[in-house]
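Novice: no sequence for this one, just the structure:
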């Protein structure tokens, strides 16, 4: 039995899903399969500068696209950290650090070319169509965004582009507690500051970043921020934000417009995965991915940190706190069955904690294999049956990434 | 045979679709049916101020919701003009004048409660769930948004809210040509001005507005604009915009922060439907709804105006020009079969003109009955078959709003 298993590891962000450890524990999938590598389909097609859109093949990555766009004044902002495939990012509904301002892949895909299970080629919004908005029939584009390769193989994506902001300022600020960092975030959003990035790192994560990148941030809950806009608007954005952080007990607020300093800051954030791994050389890492309404973040992060300590698990926390989404970058010894079991139980507890707070077990990584049971708890049996019905309609022989999601 | 035909006329915006005239011509649907009126399910439920979300029943309208939110500093910005049902707006994927800044219903619905054809009650993102983002399984929420009542009946919607901007400034500017008005729009977007509304009115529309509201705008292509942000940012937004309009030959640029003046401006825009009707007392109106990539707007509007004149059709044009979406508010005598025929041919030509420019036959009104053939041309046979498959899965007995969309 030959099956197609596409887009497994090109989803970006901190990479491996909770499922991997479970898979490693239970041994490899034995049903066989074909993994399609579309990396060489790497052309940027049909750039429409005035219309702020572009079409890309699956081999194109955000870095590649933004390098292509360099002289146009435009960019594609969705940035999962890893330089993933853009079509893979569509398949997994990826997002990352810029989502609080620019949205996720769900909001930034205008059209998809998809090869269906029977070999026919679907254009989800009609061939070549790229209106900024449409009410023409069912939203097939967003049915395939996030379908994780289970409904078809994405071979082209038409994406929204944005003007490169005139000015970007990055900032960093230390906080006495998780609560004060999250309260600052809520107040910054309420104040209408059009913040482009607002990333939380807990004390363990900051410590790992300091060691990995030879930095010297205070080892306390920390926010990394980025402001995009006109040069004139920067001063106001930064000063409102600084005042809010100050009111919440924040300290060491430092900002920079200088590209090198900004680059260093975001390199530290994007290296978080490797910084975490370096805490225990020879171990493996994987990432949790819950997302909750922002008001519930302090409680869930505090409880999760207590759980990590109680169970002797190394899991620095980094989060897209403006969206309520955070990751524990768990570093574990895959050859220690007891530790693998402890981590597995921890991730289930964390997901259920998020579900109990009206949240989701996955904000941006997807379901894959490891979270299928959690998906049932999250959406309920009827929603699962509806999803199974959609899958059966589009892929009656279960050829596309079988066994995943549902 | 009893059938359920829900949400037909609660979609908002300028109201009647192209289909109505066709329907009137061919007589009433004779298969019978039940029209559900959910107006009395009018409770606002579960407001979460810190999380920027709220859940509403189908009887709640944007005006009702925003009045409820008055003291919270929050608002729901999607504004189709008419004070429609929010769940109806979800069912038809409505948008309106604010979409260029805040997006359409597609981007602002977090969860839906839907009664399916078999009477079961689905929560598209899981019961009570309201994370800001999620990658948990197929995006059922956006499958029901825009499904026009054909897949189920929306009985609750959980919506994103936004902070009320500290300051709002409205402006108006006259242009020598359609091209110069659209060029200004593209350049304002490219300059990164976070414009909240940018509405185009052609000379015929402005003339109708002048007469209906006793105003005295120059009778030329005109932009109505609105800026949202901090008080400090207003000056910069307005001055960049004024400079761009000036460079493109714009004149009479006038702006106001005063609520009464702003209210008068947007009343004129929202009254466009009635202003058009008043051009020919005793006639009926309906609206076209094409949407094209913004660079194609000047050509399609110029060709469309020529077409209107050539065929002696009254059709002032108003458009959400930042999205590439515009409406001809056609006023016709429904008792003149020749005129009805001319209008019908005109709307088909207009839709095909949009399709030839990579656009859609409907930016925000939906397919209904009248655009089913155009939908086929727009998305192609395979996409139609996929949509039919989804419909058959969710509503195998074809009970929900039968005959619409597909």
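Specialist: Received, thanks. Nothing here was measured: the structure is a model prediction, and the numbers come from that model.

Novice: Tell me the residues of the stretch 201-350 of chain A that contact chain B?
Specialist: With CB under 8 Å from any CB of the partner chain as the criterion, the stretch 201-350 of chain A comes near chain B at residues A:229-230, A:232-233, A:236, A:240, A:289, A:291-295, A:323-325. Using the backbone N, CA and C atoms, a C-beta is placed for each residue, glycine as well.

Novice: Please name whichever of the residues you listed scores lowest on pLDDT.
Specialist: Comparing pLDDT over these, the lowest score belongs to residue A:232 (87).

Novice: Look at that residue and say how many residues are nearby.
Specialist: The local packing count at residue A:232 equals 16, with neighbours defined by other CB atoms under 10 Å in any protein chain shown.

Novice: One more: residue A:309?
Specialist: 11.

Novice: contacting residues for it?
Specialist: Contacts were defined as CB atoms under 8 Å, 6 or more residues apart in numbering or on different chains; by that measure residue A:309 touches no other residue.

Novice: Relative to residue A:348, how far out is it?
Specialist: Using CB to CB, to the nearest Å, we find residue A:309 at a distance of 18 Å from residue A:348.

Novice: do residue A:131 as well
Specialist: Using CB to CB, we find residue A:131 at a distance of 43 Å from residue A:348.

Novice: Compare the two and say which is more crowded by neighbours.
Specialist: For the pair residue A:131 and residue A:348, the greater number of neighbours falls to residue A:131 (30 against 17), based on other CB under 10 Å.

Novice: would you say the more buried one is within a strand?
Specialist: No. Secondary structure of residue A:131, determined by DSSP: H, G, I helix; E, B strand; the rest coil: coil, with no strand assignment.

Novice: Check the gap between it and residue B:304 for me.
Specialist: Note on residue A:131: its distance to residue B:304, by CB to CB, is 16 Å.

Novice: Also residue A:196?
Specialist: Using CB to CB, we find residue A:196 at a distance of 38 Å from residue B:304.

Novice: With residue A:292 instead?
Specialist: When distance is defined by CB to CB, residue A:292 is 48 Å away from residue B:304.

Novice: tally of neighbours for residue A:67?
Specialist: Taking other CB under 10 Å as the neighbour definition, residue A:67 ends up with a count of 10.

Novice: In contact with it: list those residues for me.
Specialist: Listed by CB under 8 Å, 6+ apart, the contact set of residue A:67 is empty.

Novice: what pLDDT does it get?
Specialist: What the model reports for residue A:67 is a pLDDT of 97.

Novice: Helix or strand: which one has it?
Specialist: Taking DSSP states H and E as the definition, one finds residue A:67 inside helix A:62-68.

Novice: Residue A:245 too?
Specialist: Secondary structure here is read from DSSP H and E; on that basis residue A:245 sits in helix A:231-247.

Novice: Next, the angle from that helix to helix B:231-247.
Specialist: Interaxial angle, helix A:231-247 versus helix B:231-247 (axes from the mean of the first three to the mean of the last three CA atoms, to 10 degrees): 170 degrees.

Novice: Quick check: which helices or strands does the helix or strand just after helix A:231-247 pack against?
Specialist: Scanning the chain past helix A:231-247 towards its C-terminal end, the next helix or strand to appear is strand A:251-256 (assignment: DSSP H and E). Other elements packing on strand A:251-256 under the criterion 3 or more CB pairs under 8 Å, 6 or more residues apart in numbering or on different chains; DSSP states H and E are strand A:167-174, helix A:231-247.

Novice: Quick one: low-confidence residue ranges for chain A.
Specialist: Judged by pLDDT under 70, chain A has its weakly predicted residues at A:1-31.

Novice: top helix in it by residue count?
Specialist: When chain A is scanned for its longest helix (criterion: DSSP state H), the result is helix A:372-394.

Novice: which strands and helices sit next to it?
Specialist: Using 3+ CB pairs under 8 Å, 6+ apart as the contact definition, the elements that helix A:372-394 packs against are helix A:337-356, strand B:121-123, helix B:140-144, helix B:372-394.

Novice: can you list the ones you listed in JSON lines and add distance to residue A:222?
Specialist: What follows is the helices and strands packed on helix A:372-394, written out as JSON lines (distance: least, CB to CB, whole Å):
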{"stretch": "helix A:337-356", "distance to residue A:222": "21"}
{"stretch": "strand B:121-123", "distance to residue A:222": "36"}
{"stretch": "helix B:140-144", "distance to residue A:222": "34"}
{"stretch": "helix B:372-394", "distance to residue A:222": "46"}
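
Novice: domain parsing for chain A?
Specialist: As recorded under automatic domain parsing, the domains making up chain A are A:18-163, A:167-274.

Novice: Any idea which of those domains gets closest to residue A:375?
Specialist: Taking CB to CB as the criterion, domain A:18-163 is the member of the domains of chain A that comes nearest to residue A:375, at 11.1 Å.

Novice: from the chain's centre, how far out does the closest one sit?
Specialist: Distance, stretch centre to chain centre, for domain A:18-163: 13 Å (CA atoms, centre = their mean, to the nearest Å).

Novice: again, but for stretch A:213-231
Specialist: The chain centroid and the centroid of stretch A:213-231 are separated by 19 Å, computed with CA atoms, centre = their mean.

Novice: Would you mark the buried spots in it?
Specialist: Using 16 or more other CB atoms under 10 Å in any protein chain shown as the test for burial, stretch A:213-231 gives A:213, A:217, A:219-230.

Novice: I'd like to know which of those are part of strands.
Specialist: Cross-referencing those against strands under DSSP state E gives A:222-229.

Novice: ok, the residues you listed vs residue B:141, which is closest?
Specialist: In terms of CB to CB, no member of these lies closer to residue B:141 than residue A:228, at 28.0 Å.

Novice: tell me the contacts of the closest one?
Specialist: Counting by CB under 8 Å, 6+ apart, residue A:228 makes contact with A:101, A:165, A:167-168, A:194, A:196.

Novice: and if we set it to 10 Å?
Specialist: The contact partners of residue A:228, taken as CB atoms under 10 Å, 6 or more residues apart in numbering or on different chains, are A:77, A:98, A:101-102, A:162-169, A:194-197, A:234, A:237, B:192.

Novice: Write a PyMOL command that selects only the buried members of those.
Specialist: Of the contacts of residue A:228, the buried ones go into a single PyMOL selection, burial set by 16+ other CB under 10 Å:
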select buried, (chain A and resi 77+98+101+102+162+163+164+165+167+168+169+194+195+196+197+234+237) or (chain B and resi 192)
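
Novice: quick one: residue A:94 from chain B, how far?
Specialist: Remark: distance between residue A:94 and chain B (CB to the nearest CB, to the nearest Å) = 8 Å.

Novice: again with residue A:121
Specialist: When CB to the nearest CB is applied, the distance between residue A:121 and chain B equals 8 Å.

Novice: And residue A:72, by the same measure?
Specialist: Here residue A:72 is placed at a distance of 10 Å from chain B (CB to the nearest CB).
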